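Student: sequence plus the predicted model coming up.
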2 protein chains.
Amino acid sequence: MRKHTDKPQLASKLVLRRVAIDTYRENVAYLHRDCAVYRAEGFQALSKVEVRANGRHILATLNVVDDPNIVACNELGLSEDAFAQMAVIDGQPASVSQAEPPQSIGALRRKLAGERLGREDFLGIVRDIAELHYSKIELSAFVVATNRDELDREEVYFLTEAMVASGRTLNWHEPLVVDKHCIGGIPGNRSSMLVVPIVAAHGLLCPKTSSRAITSPAGTADTMEVLAKVELPVDQLADIVRTHRGCLAWGGAAHLSPADDVLISVERPLAIDSPGQMVASILSKKIAAGSTHLVLDIPIGPSAKVRSMPEAQRLRRLFEYVAGRMHLSLDVVVTDGRQPIGNGIGPVLEARDVMRVLENDPRAPNDLRQKSLRLAGRLIEFDPDVRGGDGFAIARDILDSGRALAKMNAIIAAQGAKPFDHNHPQLGALTFDICASESGVVTGIDNLQVARIARLAGAPKVIGAGIDLFHKLGEAVTSGEVLYRVHAGFQSDLDFARQACAKSTGYTLGRAEDVPHVFTEF
Amino acid sequence: MRKHTDKPQLASKLVLRRVAIDTYRENVAYLHRDCAVYRAEGFQALSKVEVRANGRHILATLNVVDDPNIVACNELGLSEDAFAQMAVIDGQPASVSQAEPPQSIGALRRKLAGERLGREDFLGIVRDIAELHYSKIELSAFVVATNRDELDREEVYFLTEAMVASGRTLNWHEPLVVDKHCIGGIPGNRSSMLVVPIVAAHGLLCPKTSSRAITSPAGTADTMEVLAKVELPVDQLADIVRTHRGCLAWGGAAHLSPADDVLISVERPLAIDSPGQMVASILSKKIAAGSTHLVLDIPIGPSAKVRSMPEAQRLRRLFEYVAGRMHLSLDVVVTDGRQPIGNGIGPVLEARDVMRVLENDPRAPNDLRQKSLRLAGRLIEFDPDVRGGDGFAIARDILDSGRALAKMNAIIAAQGAKPFDHNHPQLGALTFDICASESGVVTGIDNLQVARIARLAGAPKVIGAGIDLFHKLGEAVTSGEVLYRVHAGFQSDLDFARQACAKSTGYTLGRAEDVPHVFTEF
């Protein structure tokens, strides 16, 4: 790429102008076609430019304007988000020049050529990604070139380390900071909302930050938001954690491993979720959040992310290798991922399930309770005063005694409670039922298909939308019996969900001996 | 991705508006944040939308606007290029909906997962690429996932075939339509401008279309444009070819293998030029242009694209395999790529060299003459009436007799001659000389570095800019003697070139026995 020095004698004549166009995460700069700078620099539309003003500088994609009502010849327009980043007012002087290519582009090209990269390479690449110096093209190239087995485990370690270094790191000044994480893919799997109050009630420090749904019908942050505020300033979050030993907040505001969010914006449309990227993404977030001990949940099943035990063990070893290099104590548990966990899928429905478990309500889904107790038990065993094998019973006592519920209510109050009554949850008022077309035993529930139906019904955006499962794997049903109910907030959403159900309900019925088995630790 | 049906009751209320913003190849649609359709559809900024009007439909990236002067609530704004594609006037009714993901996205994901793709997969992917249905993210993913050795030779064949099918195919209705092509990377290598008039003078049909420079200081189209118009309507081009048996035109307007141009827009910033993509790109263009017989030039040398004979042979076999499947007669020649061909680098300088060879001027660079004669000779041997081995002598007779010059002048006149005097070429007036720092023999000329210097000096945009080489490989120079002269049109360009020369002149001097040898066919 051609290099340009700044030409201040020309550039200083430009003044900044906010252009009221929202281009989301992509900064756009607007120059009039007759602008002297545009002509002198030989810019091209869509080329990357560097904008300087107010002692700050950002990179932006150039759009060329022919309408002086949008920008005049002496103006440099910026899209809303870009304008906000400059922290100036309209009319301030600004300069613009061709952007240099990101410094790490050489390392990226070596990776594209199939080379192994070193620590400094990953630091440079991830820094450029976090600072939004990469174009969409370069980002996708990095994601695809590090896909599948393109990264060896040492490289995954370097990538993880670089992702931690790209953002803020929290330090809780305690020797034991615990967390749990699931690699995802199982609808309704809200065990974090039970594990956190249980282990916090035991006294462990558990500052849990979660994501919102990316491709699923609800993330932990979406479900917790039904009960309490989850977008909290980092300082307030730290106070809550110090007071209550735990929190359940959205992690997006904390600037932890920010490169991860940028990479996800590319991985998602490509449906790429490779082992190396998964390990770096999860572990970097946990380490940046100050965790010292982590229980990691890998569900396996025919429609889970991981479909066999050998695959799960391979992934486990990679997690363990990187965690070891990063001095994070890690317990990996392989769990039953053959079907959704709990009954509800969607923010309100899942919040209902969680509160029923905490209240020891007889309608509480037992699979969610059991899984949460076992995960909490594993976390409690990180406590040096707890004997191996005793964790589960301790967790159960905490739950059964109501101490977990009390802790959850304290956390909800501290974060800012919202009105919620699990006996009368505000579900989407438009519904239809999917019924058994024959009598038999439920032999399969496709995680991907029920997640898709719940999303089409409006979850997580419409918080009361989703699916309520009436029967789970191994249960006998008679012809015409309701398998699940779909809730939606809007007629069009209901119609989309119904069309998807018509293609496939996600349920298969058969004989009891056809129910697939998985051999998991619990 | 979520599917939406059209909602005409809402959509019909929108009217189209041209927004005078040039977003180059990326279509952008602008909706006001308070627009009912925007709110009802749950669009997100930067999401892909499908715009329908006037019986046409295009895909565009959505930007959300807060300024009614840009678009009002009842308007659907389109960037200039997008507006032009709809072929309507302001105020026409239009509808907008969430874009469906490209149909071939499943095949792309399978390739990302490491699978081998079939003929139908490539047809679908390449069609979506040619119709601009892929986002930058998806495009880069495809380019990287088919990089290096990710495509086997059958897949390269499928890709080539799909690229031909994605655009127009010319049919000259003659059994023998010849062409030559070089894989690139050697500055000054303008043999096409000599080969075409020679073989056309022999009577072979040679409808040569060329590209402009992408990363080089001049493409054949840039250099030919010094002498004649190169952007011609396809019909006019066909008339010229039928009358004169040849042409030298820019291929961009002919819609030949259009997916190739889209892919190049991503390959270029990533500096990706893998064997599979190179073969598919070159052969698809030639076959779409109606060629039946092709001579392909693979230069090898320390700073050429191909650096060793085994690598050249591997590439040759891939070209031959795919050409065979596509029923294209192919002769691959491996040539000396150790240094630039000819003396001039840059459009005017190269045009000067070409015209001197055609005029049998004693100042003509002999390497350009010899290489062109040998390539023309190989093409002439495609003529069934020519005995193997006789081509060179026939080509030399055509050149020496002035028949090649006459043919070139006829082609120039037909395409639209421009004033050019090779005795007084209009070179960039600002110059500096690079001189030998010691006495010795030229033992190396770095193709990449001299190309970089010529580009910094302004080529190909400033047509008189570039480099004039005074000494080539193996020539003895004395300390202080001029190695080459840099020409520029602007002081800033001259300064950029000078800075690059200060880092490295591209020349190495040493002893006669240090000149590297390459073993090539000629």
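Tutor: Cool, the structure landed. Residues are numbered from 1 along each chain as shown, chains lettered A, B, ... in the order given.
Student: which residues are contacting stretch A:152-159?
Tutor: Stretch A:152-159 is contacted by residues A:116-119, A:121-123, A:126, A:146, A:151, A:275-277, A:279-280, A:318, A:321-322, A:325-326 when judged by Cβ atoms under 8 Å, 6 or more residues apart in numbering or on different chains. In short, each C-beta sits where N, CA and C put it, glycine included.
Student: what average pLDDT does that stretch get?
Tutor: For stretch A:152-159, mean pLDDT rounds to 97.
Student: spatially central residue for chain A, please.
Tutor: A:Ser211 (3.8 Å; Cα atoms, centre = their mean).
Student: so A:Val241 touches A:Ala254, yeah?
Tutor: No. With contacts counted by Cβ atoms under 8 Å, A:Val241 stays clear of A:Ala254, the gap being 11.8 Å.
Student: returning to what we had before: for the residue nearest to the centre of chain A, which non-adjacent residue is closest in space?
Tutor: A:Gly219 (5.0 Å; Cβ to Cβ, 6 or more residues apart in numbering or on different chains).
Student: got it, and A:Pro302?
Tutor: A:Pro516 (6.1 Å).
Student: and the residue nearest to A:Ser211, what is it in contact with?
Tutor: Contact analysis of A:Gly219 by Cβ under 8 Å, 6+ apart lists A:210-213, A:460.
Student: I'd like the distance between it and A:Gly184.
Tutor: According to Cβ to Cβ, to the nearest Å, A:Gly219 stands 9 Å off from A:Gly184.
Student: check A:Ser401 too.
Tutor: Taken as Cβ to Cβ, the span from A:Ser401 to A:Gly184 is 31 Å.
Student: the two - which one has more neighbours?
Tutor: Each of A:Ser401 and A:Gly184 has its neighbours counted (other Cβ atoms under 10 Å in any protein chain shown); A:Gly184 has more, 22 against 12.
Student: read off the pLDDT value for the more buried one.
Tutor: Per the predicted model, pLDDT is 90 at A:Gly184.
Student: one more: the one 4 residues further on?
Tutor: A:Gly188 is assigned 95 on the pLDDT scale.
Student: pull the contacting residues for it.
Tutor: If you count contacts by Cβ under 8 Å, 6+ apart, then A:Gly188 has A:340-345, A:349-350, A:353, A:368, A:469 around it.
Student: how does it look with 10 Å?
Tutor: A:216-218, A:223, A:339-346, A:349-350, A:353, A:365, A:367-368, A:447, A:450-451, A:454, A:466-467, A:469 (Cβ atoms under 10 Å, 6 or more residues apart in numbering or on different chains).
Student: tell me which element A:Phe382 falls in.
Tutor: Using DSSP states H and E, A:Phe382 sits within no helix or strand.
Student: now, of the contacts of A:Gly188, which are buried?
Tutor: A:216-218, A:223, A:339-346, A:349-350, A:353, A:365, A:367-368, A:447, A:450-451, A:454, A:466-467, A:469 (16 or more other Cβ atoms under 10 Å in any protein chain shown).
Student: narrow those residues to those in strands?
Tutor: Among these, DSSP state E puts A:344-345, A:466-467, A:469 in strands.
Student: just send these back as TSV, with pLDDT too.
Tutor: Formatted as TSV, those follow (pLDDT from 0 to 100):
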residue	pLDDT
A:Gly344	98
A:Ile345	98
A:Gly466	97
A:Ile467	98
A:Leu469	98
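Student: would you mind listing the buried residues in the lengthiest helix in chain A?
Tutor: Ranked by residue count, the top helix of chain A under DSSP state H comes out as helix A:309-325. Neighbour counts using 16+ other Cβ under 10 Å place A:312, A:315-316, A:318-323, A:325 of helix A:309-325 among the buried residues.
Student: which of the contacts of stretch A:152-159 are buried?
Tutor: The neighbour-count test (16+ other Cβ under 10 Å) marks A:117, A:121-123, A:126, A:146, A:151, A:275-277, A:279-280, A:318, A:321-322, A:325-326 as buried among the contacts of stretch A:152-159.
Student: now narrow those to whatever sits close to chain B.
Tutor: For chain B, the contacts drawn from the buried ones among the contacts of stretch A:152-159 by Cβ under 10 Å from any Cβ of the partner chain are A:Thr146.
Student: just the ones in helices from the buried ones among the contacts of stretch A:152-159, please.
Tutor: Short answer: the buried ones among the contacts of stretch A:152-159 in helices (DSSP H) are A:121-123, A:126, A:275-277, A:279-280, A:318, A:321-322, A:325.
Student: can you name the two of those residues that are farthest apart?
Tutor: Using Cβ to Cβ, those reach their maximum pairwise distance at A:Leu123 and A:Pro275, which is 21.4 Å.
Student: the lowest-mean-pLDDT helix or strand in chain A: what's the following helix or strand?
Tutor: The helix or strand of chain A with the poorest confidence is helix A:8-11; it has a mean of 38 (mean pLDDT, DSSP states H and E). Using DSSP H and E, the helix or strand that follows helix A:8-11 towards the C-terminus is strand A:14-18.
Student: please enumerate the strands of the stretch 1-150 of chain A.
Tutor: Shown for the stretch 1-150 of chain A, the strands assigned by DSSP state E, counting those that start in this stretch span residues A:14-18, A:21-22, A:28-32, A:48-53, A:56-65, A:75-78, A:93-98.
Student: tell me which other helices or strands the fourth one touches.
Tutor: Using 3 or more Cβ pairs under 10 Å, 6 or more residues apart in numbering or on different chains; DSSP states H and E, the elements in contact with strand A:48-53 are helix A:8-11, strand A:14-18, strand A:28-32, helix A:36-41, strand A:56-65, strand A:75-78, helix A:80-86, strand A:93-98.
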